[in-house]
Structures are given as C-alpha cells and as structure tokens.
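K.L.:
Need coordinates for the following:
(chains A and B)
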Amino acid sequence: MAKEQKTFRPKARLPKGLRDVTASMVRAETRMLGLIRDVYERYGFDPLETSTIEYADALGKFLPDEDRPNEGVFSFQDDDEQWLSLRYDLTAPLARYVAEHYDGLPKPFRRYQVGTVWRNEKPGPGRFRQFTQFDADTVAAPTVAADAEMCMMGADVLEALSIPRGQYRIRVNNRKVLDGLLEEIGLGSDATDRTHMTVLRSIDKFDKLGRRGVELLLGAGRKDESGDFTKGAGLAPEQIARVLDYVESGLTAASSDRAAVLEGWRKVVGASAIGREGIDELAAMDALFTSAGYGPDRIEFNSWIVRGLGYYTGPVFEAELLFDTRDEDGNTVRFGSVGSGGRYDGLIERFKGVKVPATGFSVGVSRLLAALQLLQKVDAAAEPDAPVVVLTLDAANMAGYQAMVTELRQAGIRAEMYLGGSGMRAQMKYADKRGAPVAVIEGEDERATGSLTLKDLVLGAEVSATIEDNAEWRQSQAAQISVPRAKLVEGVREILARHRR
RNA sequence: GCAGGCAUAGCUCAGCUGGUUAGAGCGCUAGAUUGUGGAUCUAGAGGUCCCCCGUUCGAACCGGGGUGCCUGUACCA
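P.N.:
The predicted structure is shown next:
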C-alpha cells in the first residue's frame, strides 16, 4: 500500500533579525573596513582576533536591571555541559584576553579588532541579531589622554569615510558629572537604585523626546503614540527643574564653546566632589583637543550623552551623524549614533580582582555603512568591472571557448564563459543582466573565417533606445565588430577602453 | 518585553453582505521575428489565500490561539 510519502521540504527562509549581504554591499563593507583599519593603525593600535565563542560566565552579566537573565545572548552547552555563548560585543572578550595574558602584555595595551557579534533580541529597522563592530581599546591607561585620543580617532574615522566635517559630531560627557548631578538632587550614590537609573535614561532621551518628553519621564511618566504608558522617575518639581537646568546648560553653548559648557555644568553640579572631578577631567580633555586642533565642530561636550548603565565609569562618547536622509520608501530617517565608547575601569577587575583602567571606542559597521549608502558615499569605483562573457554556442567547441576565457584572464581582464544550458538569445540576456561590457561571439560563421564577433553591450544599449523596429535592431550591428581570432584580447581591450570611467 | 496595525503568486496589489475552477500588472521561462540583449506578439510555469483550532451546508473573508512583518515604546553591553 505504498502510499505516496510526502517528502519533507524545508521552507527556504532566514531566521528573523539576520540577513544576506549581496555583492555590492560586501565590497563596500570590505573597503570601508580597510579605511577604518588604516586610521586605527595610524594611531598605533595592533590587531587582535579573539574567538567568537566564549564561556558564558566569562562574558558575564552586568545589566543591573536583570529582569530576564541570559536573555540577549545566544548560548548553548558544550560536551562537558559548560555553557558557551556567542560574543555580544568585542569588549568583554578583550577583558578576558587581557586578564588571561596580563603579565605578558605591554601596558598600556592597545589593540583593535573587527568582528561579528550576536545579540538575541528583538530586531528593528537597522537593528539586527548579527552585526559587525570595529573596536579600538587602550587597557591600563588611567589618564583621560587615552579617552581624548578615542574621541579624536572617532572623528578621523568618519572623515576618512568622506563624511564632511559639520555633518557629524563626537559628543562627549562624563559619568562622574551625571553622578554629581544625581548627588545634587539628593538621590545618593547607589548606582543600581531604580530612580537613579530612570533619571539617567530620561536624560539620555532628550535628543529624541525633547524637553517636554524628558520632563514627563522625570515626573509621573509618559504615554507614547500607540497609547502605551512609560512609568516615570517620580521626581519632585524642584528636582526636575534642576535636571532640566543641567541638560539645557549644555544645550545653549554646545556647538560653540566647550569651556562654556563646562562652566554651565560647574554651576549645577560643582558643589559635588564627584561632579567637580568629572568636570576637571573634561577640562583636561578639552586642552588636548584644542592643542591637537579638534574644535567644537568635531568634538563637543553634551549633557544628554549617558550610554548604557552597565559598566561605564568615566568619560563616555558617541559619534553621531547630524543629517537626515530618506529611505527607499521616502521616509525621513535620522541616523544618529554610528559609534560609541567610554571608560570602563571595572571590567577587567571581574577576572583579576584588581582595577585595570581601560577605555575604548566602537564603530557600528553595518549602521555606518547603511548611512554611507543613503548618503551615496559608497564608492562605485570600488566595484570591479562586470566580466566579459564568452558565449558558448557550440557544445563541441567548449575547449575553444575555454581557451578564449583563459587568454582574457591572463591578460588581466575579468571574464567568464557562459556555463548555462540555453541558446544564444538567453546567453545574450544573461550577459546583459550581468552588466557585461562585452560579449564574445564565435559561432559557425566566425569559425569558418577564423574570426570573432565582439559585441559592445554598453554601446548597444544606447543604440537600442532609438530603435523601435525589430528588423532594424537586428540588422544594425553598429555595436559589434569582427576581429581575427588572434586579436581577441586586443579587440576586447579596445572596447573596454571606450567606456573606461 | 509592552501597545497598536498588517499578513493573497518572486514583487506591488485586487478579490462584493461567507458561495463552485482565487485574479491583474510587473517579473520569470520558452517560442516567433533568417545566430544577438531592447521593442512587439504567442504560450507556459508559479499559490497549503501565514499556521492550527472552531463556527457554518460552505471560509481567503467570521471567532479564538499561534507565528511572522511594520510602527511606536522599553532595552541597548
């Protein structure tokens, strides 16, 4: 009763939040990574490649509001039942590496690393579960000179990618200033306190929600446009006023004068020792920026840069694109942050028990690439020419076609022979779809006379626009020439030269 | 995670108050036009109407649950 067994057919689909990257984007990314690498190398950083998989406990959990432990990380068990995780950033593995090889490393230790990282969380526009980061970190460098260097390097990276000065900004703040503010409004110094965190997160949203939105979040809370309600920090009106004071003291002068921003902050948080320390550190950074010629059109001090609450302990910074652009659907897209970093003096302490100060900067590669693409800064010259296609019209003569392709390749010309099974018309369509500049044709007629027909497909496309009649289109062979078989390379070169960019 | 919306061919979508064989345009494949990409003409392939359960004589359409996508929000190491 052999009933027909249904063969199992898996559905061809990609898991959510992941994507396939096609030729032009792969090439553009490769090129972009090269430019970033050049900048990092110039600053004296050395490459390091750590593994993509680490023991879960080495990556650590440091989210203070851990409602869902282990969320966010892809994990699985090894043969010996130990938990392994895909890395979710490049900093935690660096901390592990430094702790493991501490005694042998030069200190300060400076390394850069580019790599794929994974986060198991809800994807969104421009937010994937697998993406690429490009980091530089300096470990065992206690002074803010290391932080200042990160900021300047961030600016250099963006300019190396042809983002004009003025269209981006490196925005810098200091966690110590924020701690001083919280102290000043009487919230104490418990960094894991819920109100504490809510206040910081509210400040972080100033850019997005504006003064009114932040005010609501600091107080009772805020309703979003779908009607969902976000609970606020529940501060008293005087406290709210003080926080907004701080935020706006950074706003008025931000683009013009770094020293003026620090003066403004000093008035609000200067009474706190930790706040003063933070401001003094930024003043030291300002001196370095200024002497190196990095003005406020590149690096600014900014009140609402907060960053994540997990591990930053000092200066924090974000590289932000300032322009709006439009996506394929014509919607306005604000790019915002394409890189970020800061000082994390506590990360390596997890392993070593001793404090090892460190600071780093991380470029969000995929995001930045998407921005460049919409800016049309993705360089078309990085694309290789499409291959010359040698048509295979006679199955008995494959050896002859192979010889032609090889000749072209040996002459440095990108070329391929048609490897499908269809007729001439389909082969021409294929060449067209590939964007081939030249089709090499050798059929019976050509072979009889020892010649080849070379068709200039670029010129042909231009000609076809003016022709409507089929007979005319076929007979007008303006776009093709006949050359002796021996002149294959020469003839192809000549046509390529016509269209050289 | 929370809130709202959406789900029909590769793509963009139509499909009446539930009614027989679910459609269009574009794209794709092949043929015609003496061995040639465009144009024109002809033919063809391609769908578990997101999935499961239910209501009904009957479900693409109604109800419940699930999944996926979009928007906002939260989080962002």
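
K.L.:
A:His115 - nearest residue in space that isn't next to it in sequence?
P.N.:
Just so we're on the same page, residue A:115 is Gly rather than His. In space, not counting the residues next to it along the chain, A:Gly115 is nearest to A:Leu90; the distance is 5.9 Å by C-beta to C-beta, 6 or more residues apart in numbering. The C-beta positions use only the backbone N, C-alpha and C, and glycine is treated the same way.

K.L.:
could you pull out the strands for the stretch 151-300 of chain A?
P.N.:
With DSSP state E, counting those that start in this stretch, the ranges of strands along the stretch 151-300 of chain A come out as A:168-174, A:221-223, A:229-231, A:299-301.

K.L.:
mind giving me CSV with the ones you listed and columns for mean neighbour count?
P.N.:
Shown next, in CSV, are these (neighbours: other C-beta atoms under 10 Å):
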stretch, mean neighbour count
strand A:168-174, 26
strand A:221-223, 15
strand A:229-231, 12
strand A:299-301, 26
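
K.L.:
With distance to A:Leu59 and mean pLDDT added, can I get these in a markdown table?
P.N.:
Converted to a markdown table, the strands of the stretch 151-300 of chain A look like this (distance: least, C-beta to C-beta, whole Å; pLDDT from 0 to 100):
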| stretch | distance to A:Leu59 | mean pLDDT |
| --- | --- | --- |
| strand A:168-174 | 26 | 95 |
| strand A:221-223 | 33 | 87 |
| strand A:229-231 | 29 | 86 |
| strand A:299-301 | 31 | 95 |
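
K.L.:
And the ones you listed: which comes nearest RNA strand B?
P.N.:
If you check each of these against RNA strand B by C-beta to the nearest atom of the strand, strand A:229-231 wins as the nearest, at 4.5 Å.

K.L.:
What mean pLDDT does stretch A:268-276 get?
P.N.:
Per-residue pLDDT values across stretch A:268-276 average out to 94.

K.L.:
which parts of it are buried?
P.N.:
By neighbour count with 16 or more other C-beta atoms under 10 Å, stretch A:268-276 contains the buried residues A:Val268, A:Val269, A:Ser272, A:Ile274, A:Gly275, A:Arg276.

K.L.:
ok, now stretch A:205-223?
P.N.:
Neighbour-count burial for stretch A:205-223 flags A:Lys205, A:Phe206, A:Asp207, A:Leu209, A:Gly213, A:Val214, A:Glu215, A:Leu216, A:Leu217, A:Leu218, A:Gly219, A:Arg222 (criterion: 16+ other C-beta under 10 Å).

K.L.:
Quick one: neighbours of the nearest residue to the third one once chain neighbours are set aside, just the number.
P.N.:
Right, A:Asp207. Closest residue to A:Asp207 apart from its sequence neighbours, by C-beta to C-beta, 6+ apart: A:Trp304 at 5.8 Å. For A:Trp304, the count of nearby residues is 22 (other C-beta atoms under 10 Å).

K.L.:
Next one: A:Trp304 from RNA strand B, what distance?
P.N.:
Using C-beta to the nearest atom of the strand, to the nearest Å, A:Trp304 is found at 12 Å from RNA strand B.

K.L.:
Please apply the same query to A:Arg19.
P.N.:
A:Arg19 sits 10 Å away from RNA strand B when distances are taken as C-beta to the nearest atom of the strand.

K.L.:
Hmm, that residue is touching A:Phe128, no?
P.N.:
Yes. Proximity of A:Arg19 to A:Phe128 meets the contact threshold set by C-beta atoms under 8 Å, at 6.3 Å.

K.L.:
residue contacts, A:Gly234?
P.N.:
Listed by C-beta atoms under 8 Å, 6 or more residues apart in numbering, the contact set of A:Gly234 reads A:Thr195, A:Gly219, A:Ala220.

K.L.:
wait, what's in contact with the residue of the stretch 51-200 of chain A found nearest RNA strand B?
P.N.:
Ranked by C-beta to the nearest atom of the strand, the top residue of the stretch 51-200 of chain A for proximity to RNA strand B is A:Gly72, at 3.2 Å. Contact partners of A:Gly72, counting by C-beta under 8 Å, 6+ apart, are A:Leu63, A:Tyr88, A:Arg119, A:Asn120, A:Glu121.

K.L.:
Where do the helices of the stretch 1-150 of chain A begin and end?
P.N.:
Remark: helices assigned in the stretch 1-150 of chain A by DSSP state H, counting those that start in this stretch are A:23-42, A:56-59, A:91-100, A:145-160.

K.L.:
try the stretch 351-500 of chain A
P.N.:
Assigned by DSSP H, counting those that start in this stretch, the helices in the stretch 351-500 of chain A fall at A:365-374, A:398-410, A:424-434, A:444-449, A:457-464, A:470-475, A:488-498.

K.L.:
Can you pull out the low-pLDDT segments for chain A?
P.N.:
Within chain A, the segments meeting pLDDT under 70 span A:1-9, A:61-71, A:189, A:191, A:252-255, A:326-333, A:376-382, A:475-478, A:501.

K.L.:
tell me the domain ranges of it?
P.N.:
The record's domain parsing of chain A by automatic domain parsing lists A:23-380, A:384-498.

K.L.:
hmm, the last one touching RNA strand B?
P.N.:
Yes. Applying C-beta under 7 Å from any atom of the strand, one finds domain A:384-498 touching RNA strand B at A:393, A:422-426, A:428-429, A:431-433, A:439, A:441-446, A:453, A:455-461, A:463-464, A:467-471, A:473-475, A:477, A:479-480.

K.L.:
Residues of the stretch 151-300 of chain A that sit close to RNA strand B?
P.N.:
Where the stretch 151-300 of chain A comes near RNA strand B, counting by C-beta under 7 Å from any atom of the strand, the residues are A:198, A:201, A:205, A:208-209, A:217, A:222, A:224-228, A:230.

K.L.:
Would you tell me which one of those residues comes nearest to A:Leu309?
P.N.:
Distance to A:Leu309, by C-beta to C-beta, is smallest for A:Arg201 among those, at 7.6 Å.

K.L.:
what about the residue of the stretch 201-350 of chain A found nearest RNA strand B, which SS state?
P.N.:
At 1.9 Å from RNA strand B, A:Gly308 is the closest residue in the stretch 201-350 of chain A, using C-beta to the nearest atom of the strand. Under DSSP: H, G, I helix; E, B strand; the rest coil, the three-state class of A:Gly308 is coil.

K.L.:
Count the residues that sit near it.
P.N.:
The number of residues near A:Gly308, taken as other C-beta under 10 Å, comes to 15.

K.L.:
State the distance from it to A:Val440.
P.N.:
For A:Gly308, the distance to A:Val440 (C-beta to C-beta, to the nearest Å) stands at 58 Å.

K.L.:
Tell me the gap between stretch A:141-152 and the middle of its chain.
P.N.:
Here stretch A:141-152 shows a centroid-to-chain-centroid distance of 22 Å under the convention C-alpha atoms, centre = their mean, to the nearest Å.

K.L.:
let me fix that: stretch A:310-327
P.N.:
When C-alpha coordinates are averaged (C-alpha atoms, centre = their mean), stretch A:310-327 and its chain have centres 12 Å apart.
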